[in-house]
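# next come a sequence and a model predicted from it.
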2 protein chains.
Amino acid sequence: MFLLEEPSEQDIIDAHNRIKSYIHHTPILTSSSLNSEFNCNLFFKCENFQKGGAFKIRGAANALFSLNEDEVVNGVATHSSGNHAVALALSAKIRNVPAYIVMPENVSRAKLSAVKCYGGNIFFCKPGLIHREEALNNILERTKAVFIHSYDNYSVIAGQATCAKEIYEELNSKAKLDFIIVPIGGGGLLSGTCLSTKYFSPSTKVIGAEPKEADDAFRSIRDNVIYPSINPKTVCDGLLTQLSEKTFSIIKKNVYKILTAKEETIIYSMKLILERMKILVEPSSAITLAVVLENKEEFQNMNIGLILTGGNVDLEKLPWYG
Amino acid sequence: MFLLEEPSEQDIIDAHNRIKSYIHHTPILTSSSLNSEFNCNLFFKCENFQKGGAFKIRGAANALFSLNEDEVVNGVATHSSGNHAVALALSAKIRNVPAYIVMPENVSRAKLSAVKCYGGNIFFCKPGLIHREEALNNILERTKAVFIHSYDNYSVIAGQATCAKEIYEELNSKAKLDFIIVPIGGGGLLSGTCLSTKYFSPSTKVIGAEPKEADDAFRSIRDNVIYPSINPKTVCDGLLTQLSEKTFSIIKKNVYKILTAKEETIIYSMKLILERMKILVEPSSAITLAVVLENKEEFQNMNIGLILTGGNVDLEKLPWYG
């Protein structure tokens, strides 16, 4: 069964052991040109190289493989327009159970074809959370599949926490991180990172990075209430969702702060990563470098980990082309 | 002094030891999605992650560090519009000697600023080999610097040979390569790869990959004469040059064959590498995958090494945007 409480240190260790053979141990890359340009040491954890092109497989696989045979016999289901859909379809394929994925009609072609390629059963609905939940509920009733939410699930959070755990295991003997910077959408990765940092690198400060144009998490933490994310206009298509009760509660207690960045800085950062490091990341990942660029003073001479969450980009619609 | 004869096995081992501390040991990446799509095992050597963004540092550094203090006291010089200019400026900076670089007026902004950033002394000339050589001769006379040709130099060739040596050292215990595929411009990397293959992996067949629109090497090897490369129109801006006596002679004796690919396949391959592997390569690198795509039958079930030579791309002019 899924974890019923906030993941403990042992829960995260268990999650890592559970999923290790199904995921890539992604590399941490550095760029001497970026380091000297910004006068700090940047360590980029490359989840854009992860299976399915994003970190999401960690949470999806941990949740799915936490279920016993009886629980999983009718398959799993979710609603998602993005990388969680791909990750759940892929995890279900590995375990050889059906995955039912509700996607809005306007989903990107790339995500759609990835879900199809992993054998996911796709159900379209009108865009909007209400329509997605309604379509999902119909499917759950009909199939008796298990719902795996993309972030409001402690087993998913424990899975996402394994990313920062890998970073600390690899780096802390050489370069103790002063900061770790994580994009924030629904807060699954950020809350997992908060927990791994508390357990495995307590002196590191966790920073959430969010588009200024979708700053609901920034305001939620500031005002101690979960604000909805209403129709945000940002290039970061992976960061449109709002915090949930589970992620909000973990982040509130553990995050150092949330920084926002402007759209133009996010796009500039995506190009800079591609030009200097030769790797493709989503705008939702480039936000981590963008907040460094907009707050250079604070990061002088610091060791900074940045999680590059994914690289699923429509190459016909690169944001710096008109 | 530079090597005066075709590099021996020991010359390549010496070259590798000489430059090891100045270059990156670049990773070899694989893509299960590409492997299953094309039904073969592709091993991508990522020289796009190399210092200066291309393999060229290997040859430039080996040549420069083969010179003794007296020989190098007046610096080094070359003419180049591309990655060799960047590599020589960077190598000279490491050794703290001046580099004089003749570049055509129409050189790309990105290459120009990289040479400047490494402190190279730049001299502009009109485009065309005659003008470049004339400008270079003036500089050599005035400065007494040592000319390091970008490929018609055995020490440069020995340096480029270290790339395939790394591939065989890393792979041959796990996956013996049936083929290694290398882009061909002036033939420095291809002739170095031919030699390393002969010494370190003699059962591997070496294939040169060339744009159909710039197939002077294909015709040169077929007809046993060096054809000039006259005003070729290809997206592969790193593959415009023609073979030299030194590279022609090595390639002729050792290459298995040269395959060409169409412009549209090259651009498609560049996108495919970016989309599936999340890494940025030049069209001149993507040619290696392009020849696999155009000759699928021949490569079924084979283990194939591909050298991704560089990643210096103008992001404002990606070739699939009009």
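Cool, the structure landed.
# C-terminal to the host helix or strand of A:Lys45, what's the next element?
Using DSSP states H and E, A:Lys45 sits within strand A:41-46. Once the chain leaves strand A:41-46, the next helix or strand it forms, by DSSP H and E, is helix A:57-66.
# tell me which helix or strand comes right after that next one.
From helix A:57-66 onward toward the C-terminus, using DSSP H and E, the following helix or strand is helix A:69-72.
# which other residues reach that next one?
By CB atoms under 8 Å, 6 or more residues apart in numbering or on different chains, the residues outside helix A:69-72 that reach it are A:Met1, A:Leu64, A:Arg95, A:Val97, A:Val146. Any C-beta I mention is one placed from the backbone N, CA and C, and that applies to glycine too.
# which members of the residues you listed occur in helices, if any?
Cross-referencing the contacts of helix A:69-72 against helices under DSSP state H gives A:Leu64, A:Arg95.
# can you flag the buried ones in the contacts of helix A:69-72?
A:Leu64, A:Arg95, A:Val97, A:Val146 (16 or more other CB atoms under 10 Å in any protein chain shown).
# in a markdown table, list those residues along with pLDDT and distance to chain B.
Listed next are those as a markdown table, based on pLDDT from 0 to 100; distance: CB to the nearest CB, whole Å:
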| residue | pLDDT | distance to chain B |
| --- | --- | --- |
| A:Leu64 | 98 | 20 |
| A:Arg95 | 96 | 18 |
| A:Val97 | 97 | 21 |
| A:Val146 | 98 | 27 |
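# for A:Ile157, see how far away the residue nearest the centre of chain A is.
When CA atoms, centre = their mean is applied to chain A, the residue found nearest the centroid is A:Leu189 (4.7 Å). Taking CB to CB, to the nearest Å as the measure, A:Leu189 falls 9 Å from A:Ile157.
# which residues of the stretch 151-300 of chain A lie near chain B?
A:Lys271, A:Leu274, A:Glu275, A:Met277, A:Lys278, A:Ile279, A:Leu280, A:Val281 (CB under 8 Å from any CB of the partner chain).
# mind listing what the fifth one touches?
When contacts are counted by CB under 8 Å, 6+ apart, A:Lys278 touches B:Asn48, B:Phe49, B:Gly53, B:Ile279, B:Leu280, B:Val281, B:Gly311.
# now for the residues you listed, which pair is the farthest apart?
Using CB to CB, the pair of the contacts of A:Lys278 lying farthest apart is B:Gly53 and B:Ile279, separated by 11.9 Å.
# got the domain boundaries for chain A?
With domains defined by automatic domain parsing, chain A comprises A:9-55+A:153-321, A:57-147.
# hang on, A:Arg18 packs against A:Ser66?
Yes - A:Arg18 is within contact range of A:Ser66, at 7.1 Å (criterion: CB atoms under 8 Å).
# of these two, who's got more company?
Neighbours around A:Arg18 and A:Ser66, counted as other CB atoms under 10 Å in any protein chain shown, are more numerous at A:Ser66. The numbers are 24 against 19.
# do I have it right that A:Ala175 meets A:Cys40?
No - using CB under 8 Å, A:Ala175 is not in contact with A:Cys40, being 11.3 Å away.
# what do those two both touch?
Residues touching both A:Ala175 and A:Cys40 (CB under 8 Å, 6+ apart) are A:Asn303.
# redo the buried ones among the contacts of helix A:69-72 as TSV? Include distance to B:Thr247.
Listed next are these as TSV, based on distance: CB to CB, whole Å:
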residue	distance to B:Thr247
A:Leu64	54
A:Arg95	53
A:Val97	56
A:Val146	62
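# who touches the residue lying closest to A:Pro27 once chain neighbours are set aside in this structure?
Nearest residue to A:Pro27 in three dimensions, chain neighbours excluded: A:Cys46, at 5.4 Å (CB to CB, 6 or more residues apart in numbering or on different chains). Residues in contact with A:Cys46 (CB under 8 Å, 6+ apart) are A:Thr26, A:Pro27, A:Ile28, A:Leu29, A:Ile279, A:Leu308.
# closest to chain B among those?
Nearest to chain B out of the contacts of A:Cys46 is A:Ile279 (CB to the nearest CB; 5.7 Å).
# how many residues are close by that closest one?
By other CB under 10 Å, the residues close to A:Ile279 number 25.
# ok, now the one 5 residues further on?
Taking other CB under 10 Å as the criterion, the count of residues near A:Ser284 is 29.
# quickly find the element holding it.
helix A:283-293.
# then that helix to PDB, C-alphas only?
Extracted as PDB, the C-alpha positions of helix A:283-293 are listed here (Å, rounded to 0.1, in the frame of the first residue of the first chain):
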ATOM      1  CA  PRO A 283      11.800  25.700 -19.500                       C
ATOM      2  CA  SER A 284      10.400  24.200 -16.300                       C
ATOM      3  CA  SER A 285      14.000  23.000 -15.600                       C
ATOM      4  CA  ALA A 286      15.700  26.100 -16.700                       C
ATOM      5  CA  ILE A 287      13.900  28.000 -14.000                       C
ATOM      6  CA  THR A 288      16.500  26.800 -11.600                       C
ATOM      7  CA  LEU A 289      19.300  28.600 -13.400                       C
ATOM      8  CA  ALA A 290      17.100  31.600 -14.000                       C
ATOM      9  CA  VAL A 291      16.700  32.300 -10.300                       C
ATOM     10  CA  VAL A 292      20.500  32.200  -9.900                       C
ATOM     11  CA  LEU A 293      20.800  34.700 -12.700                       C
END
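# for that helix, name the packing helices and strands.
For helix A:283-293, the elements it packs on are strand A:179-183, strand A:205-211, strand A:257-261, helix A:263-272, strand A:303-308, judged by 3 or more CB pairs under 8 Å, 6 or more residues apart in numbering or on different chains; DSSP states H and E.
# how about the third one as CSV, C-alpha atoms only?
When you say that, I think you mean strand A:257-261. Taking C-alpha atoms only, strand A:257-261 is exported to CSV below (Å, rounded to 0.1, in the frame of the first residue of the first chain):
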residue,chain,number,x,y,z
LYS,A,257,12.7,30.2,0.5
ILE,A,258,11.0,30.4,-2.9
LEU,A,259,12.5,32.5,-5.6
THR,A,260,10.7,33.6,-8.8
ALA,A,261,12.1,34.5,-12.2
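# what's the angle from that strand to strand A:205-211?
Strand A:257-261 runs at 30 degrees relative to strand A:205-211, counting by axes from the mean of the first three to the mean of the last three CA atoms, to 10 degrees.
# need the residues that contact strand A:257-261.
With CB under 8 Å, 6+ apart, strand A:257-261 has contacts from A:181, A:184, A:207-212, A:215, A:217-218, A:221, A:269, A:287, A:290-291, A:293-295.
# one more: the longest one?
The contact list for helix A:263-272 (CB under 8 Å, 6+ apart) reads A:34, A:211-213, A:234-236, A:261, A:281-283, A:285-287, A:289-290, A:293-294, A:319-320, B:315.
# are any of those residues buried, and which?
Members of those classed as buried by 16+ other CB under 10 Å are A:34, A:211-213, A:234-236, A:261, A:281-283, A:285-287, A:289-290, A:293-294, A:319.
# just the buried positions in the lowest-mean-pLDDT helix or strand in chain A, please.
Least confident helix or strand of chain A, by mean pLDDT, DSSP states H and E, is helix A:109-117 with a mean of 86. Going by neighbour count (16+ other CB under 10 Å), the buried part of helix A:109-117 is A:Ala110, A:Lys111, A:Leu112, A:Ala114, A:Val115.
# output the contacting helices and strands for that helix.
helix A:83-95, strand A:99-104, strand A:121-125.
# quick one: it to chain centroid distance?
Centre-to-centre, helix A:109-117 and its host chain are 18 Å apart (CA atoms, centre = their mean, to the nearest Å).
# circling back to that earlier point, what does the helix or strand following the helix holding A:Ser284 contact?
On the C-terminal side of helix A:283-293, the nearest following helix or strand under DSSP H and E is helix A:296-299. With contacts defined as CB under 8 Å, 6+ apart, helix A:296-299 is touched by A:Phe38, A:Asn39, A:Cys40, A:Phe179, A:Val292.
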